[in-house]
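Student: heads up, no residue letters with this:
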């Protein structure tokens, strides 16, 4: 009963974090704030994947088969390793993405003196004409 309530509460909080991240990426014009909100969104999605792979039984076993367990008990209580692998891959890709986006933001600041997307678009429009 309490475990189901906690899963529901955590799911609601992760959904709120994801929508907050989407809102921040769409509405903010500062590129640094967009990068931060993109991190919030990807972290909430990664935590959702981890929650999907978790089992609500006690004791939870790591996904390593041991001889003292029966196969059915192992399958009922072992944590799913696929979401863990996907999250690990997403963290590595997210780190590379953060480095690339931060480098772009630093270069835009060096070239144009601002990290505001609207100002940069106006500068680019003036340079084009």
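Tutor: That came through, no problem. Computed from a predicted model, the values in this text were never measured in an experiment. Residues are numbered from 1 along each chain as shown.
Student: report the contact partners of the residue nearest to residue 115 when sequence neighbours are not counted.
Tutor: Sequence neighbours aside, residue 31 is the residue nearest to residue 115 in space, at 4.5 Å (criterion: Cβ to Cβ, 6 or more residues apart in numbering). Where you see a C-beta, it was placed from the backbone N, CA and C, and this is true even at glycine. By Cβ atoms under 8 Å, 6 or more residues apart in numbering, the contact set of residue 31 is 101, 104, 105, 108, 115, 116, 117.
Student: just to be sure, the second one is in a strand?
Tutor: What it means is residue 104. No - assessed with DSSP: H, G, I helix; E, B strand; the rest coil, residue 104 is helix; it does not lie in a strand.
Student: count of neighbours near it?
Tutor: Residues near residue 104, counting by other Cβ atoms under 10 Å, number 13.
Student: over to the last one?
Tutor: Look at residue 117: counted by other Cβ under 10 Å, it has 15 neighbours.
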